[in-house]
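>>> Provided below are the primary sequence and the corresponding predicted coordinates.
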Amino acid sequence: MTSIPEEIWLQIFKLVQNVRPKATGRAVYDRMDYDRARVASVRPLSETCRAFHRICLPLLFETILIDGNFDGSGPRRLRCLADVLHRKTHLKRMVSRVYIYWRGEETEEVLDRMEGVIVGLCSVRDLWIHGAHLSKRLLGQHSRLERLVLYEVSPNPTEGPEIHSFDSLKYLRCGPYGFGDETAPFAALVVPQLETLQIDATYLISGRSYQIIQFNPAVLKKLIIDSNFRWDGTEDEGLEELLRHASRIKSLELLLHRVGPRFTLPDDTIPDLEAFTGEANHVLTFCKGRPVRDLHVKGGFKWSMTEEVPNLIRPGSVPLEHLHLGRLVWEDGTIEYIARHCPQLVSLKVIVNRGHRNGIIKTRYSMPRLRRAAFLSSPARTHWYSDDDDGSVAEKEDKLLQESREFWPQLEHLRLHPKYFWTYRDLKCGWVQVKSRAYDEGALI
């Protein structure tokens with residue numbers, strides 16, 4: 001122990017933290033569970049001896065979770081945390097991430113306890129608040145935040161909505177706590193360095209979203225708009241206003257059921273768009289004529305790609321390089337259609353419902369730049385092939401591997417199952433199977 005520097009032990013303990021709990025499909029909650037598991041993984045080490053306890057302290061306190069459970073244990077844990085940070089103020093400098101997930105009653109005592117925890121955390125760069133009142137007590141201490149998530153957060157009833165300013169904020173996600181005028185828990189957020197903005201579609205109803213969230217159009221690069229409710233067309237005007245104000249973005253994600261049938265997008269709006277995520281019926285509206293290289297077509301409904309419908313996979317002014325297709329009806333001619341319209345693809349990912357897989361994967365259509373490909377069945381995200389097909393799964397998989405590099409000469413990564421993929425090493429070794437963690441459907445490949 002004495003011959004190994006503490007810095008080396010710290011790096012070893014960080015490797016112990018490399019854990020990954022089962023994904024829930026909800027990115028923010030997955031991150032919270034991940035950080036919780038990281039702390040739990042090193043806690044036994046901190047209880048081994050005094051030296052290990054001292055080394056582990058930065059890992060134990062880099063993330064704190066204020067969790068107000070309905071079982072009444074939240075206030076007790078909050079009280080303990082506040083007492084520890086009050087007695088050992090040096091620990092506050094170690095905290096870089098705070099989650100406030102409050103599902104219980106917010107009494108004056110609880111607010112005081114939260115304030116006792118928050119005050120003095122000068123190193124916090126990532127703050128996530130769910131269910132608590134938004135007040136100067138919680139946000140006033142963290143003007144140097146880089147990431148901020150506000151979900152189901154309401155303004156403090158005694159203070160009312162406030163104007164908050166964050167000069168260093170790079171990422172902001174805002175979910176509503178109501179509708180119409182009750183959408184925003186703040187009067188305005190001033191965020192001049194914001195690069196990524198994710199907001200709920202209810203923020204668009206008033207048509208003043210860019211006034212409520214005051215970002216710099218020259219800095220904002222990515223815009224994400226989602227909704228837990230069906231789009232009814234009342235947000236169309238607000239969406240057009242927001243896109244006109246955020247016209248320099250490079251990436252747009254519309255996680256919506258639909259846009260109003262009469263919605264149109266002027267040609268001079270978001271002219272430099274390079275990446276788009278949305279449903280099939282949104283692609284032409286938002287991508288046509290724009291230099292989109294990365295296209296993720298999400299599946300709100302089953303859809304087919306045929307010559308009889310407008311071309312959804314060649315909507316832009318440059319060839320696609322990355323294509324992700326969800327809820328597609330797969331036919332025998334689908335891969336030919338993709339290869340003909342997207343000859344410059346570098347990566348391709350296809351997810352189909354098993355009942356809509358009516359054809360096979362044919363590799364005889366040239367895609368000379370394709371390096372990574374994934375073909376999976378949904379919703380269980382099982383193997384592309386099944387034992388119901390002619391021949392065994394292993395035989396069909398082997399046949400595809402052997403044929404793939406004749407017309408896809410650069411292919412080096414192929415996934416047909418969520419728990420493993422194939423990687424091409426060289427002519428001598430050929431294809432090698434590699435086991436992997438549970439497949440993330442949100443990832444590109």
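Structure's in. What do you need?
>>> from the chain's centre, how far out does stretch 51-64 sit?
Here stretch 51-64 is found 28 Å from its chain centre; the criterion is CA atoms, centre = their mean, to the nearest Å.
>>> how about that stretch as PDB, C-alpha atoms only?
Output of stretch 51-64 as PDB, limited to C-alpha atoms (Å, rounded to 0.1, in the frame of the first residue of the first chain):
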ATOM      1  CA  ALA A  51      -6.400   5.500   3.600                       C
ATOM      2  CA  PHE A  52      -8.900   4.100   1.100                       C
ATOM      3  CA  HIS A  53     -11.600   6.200   2.700                       C
ATOM      4  CA  ARG A  54      -9.600   9.300   2.100                       C
ATOM      5  CA  ILE A  55      -8.900   8.300  -1.500                       C
ATOM      6  CA  CYS A  56     -12.500   7.400  -2.300                       C
ATOM      7  CA  LEU A  57     -14.000  10.700  -0.900                       C
ATOM      8  CA  PRO A  58     -13.900  12.500  -4.300                       C
ATOM      9  CA  LEU A  59     -15.700   9.600  -5.900                       C
ATOM     10  CA  LEU A  60     -18.300   9.300  -3.200                       C
ATOM     11  CA  PHE A  61     -19.200  13.000  -3.300                       C
ATOM     12  CA  GLU A  62     -18.800  13.900  -7.000                       C
ATOM     13  CA  THR A  63     -22.500  13.300  -7.300                       C
ATOM     14  CA  ILE A  64     -25.200  13.800  -4.700                       C
END
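>>> and it, what's its mean pLDDT?
Averaged across stretch 51-64, the pLDDT comes to 87.
>>> so for that stretch, what gets flagged as buried?
Within stretch 51-64, the residues that count as buried by 16 or more other CB atoms under 10 Å are Phe52, Ile55, Cys56, Leu57, Pro58, Leu59, Leu60, Phe61, Glu62, Thr63, Ile64. C-beta coordinates here come from the backbone N, C-alpha and C atoms, glycine included.
>>> max pairwise distance over the residues you listed: which two?
Phe52 and Ile64 (20.5 Å; CB to CB).
>>> quick one: the helices in the stretch 201-350 of the chain?
All helices of the stretch 201-350 of the chain, identified by DSSP state H, counting those that start in this stretch, fall at 209-212, 236-245, 280-287, 334-341.
>>> identify whichever of those lies nearest to Arg144.
helix 209-212 (21.8 Å).
>>> that closest one packs against which elements?
strand 188-191, helix 236-245 (3 or more CB pairs under 8 Å, 6 or more residues apart in numbering; DSSP states H and E).
>>> chain center to the last one, what's the gap?
On the basis of CA atoms, centre = their mean, helix 236-245 sits 23 Å off its chain's mean C-alpha point.
>>> a markdown table for the helices of the stretch 201-350 of the chain, including mean neighbour count and distance to Leu169?
Listed next are the helices of the stretch 201-350 of the chain as a markdown table, based on neighbours: other CB atoms under 10 Å; distance: least, CB to CB, whole Å:
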| stretch | mean neighbour count | distance to Leu169 |
| --- | --- | --- |
| helix 209-212 | 18 | 15 |
| helix 236-245 | 18 | 18 |
| helix 280-287 | 20 | 26 |
| helix 334-341 | 19 | 39 |
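>>> between those, which one is nearest to Glu406?
helix 334-341 (13.2 Å).
>>> tell me the first helix or strand C-terminal of the longest helix belonging to the chain.
Longest helix in the chain by number of residues, with DSSP state H as the criterion: helix 27-46. Going down the chain from helix 27-46, the next helix or strand is helix 50-61, by DSSP states H and E.
>>> can you give the contact residues for that following helix?
1, 6, 9-10, 13-14, 17, 38-39, 42-43, 45-47, 91, 94-95 (CB atoms under 8 Å, 6 or more residues apart in numbering).
>>> before we move on, what about stretch 90-98?
Here stretch 90-98 has contacts from 35, 57-58, 61-64, 66, 84-85, 118, 120-128, using CB under 8 Å, 6+ apart.
>>> please pick the buried ones from these.
35, 57-58, 61-64, 66, 85, 118, 121, 124-128.
>>> with distance to Arg357 added, can I get the helices and strands packed on helix 209-212 in a markdown table?
What follows is the helices and strands packed on helix 209-212, written out as a markdown table (distance: least, CB to CB, whole Å):
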| stretch | distance to Arg357 |
| --- | --- |
| strand 188-191 | 45 |
| helix 236-245 | 34 |
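>>> reformat the ones you listed as JSON lines; add mean pLDDT and distance to Phe375.
Putting those into JSON lines (pLDDT from 0 to 100; distance: least, CB to CB, whole Å) gives the following:
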{"stretch": "strand 188-191", "mean pLDDT": "86", "distance to Phe375": "40"}
{"stretch": "helix 236-245", "mean pLDDT": "86", "distance to Phe375": "34"}
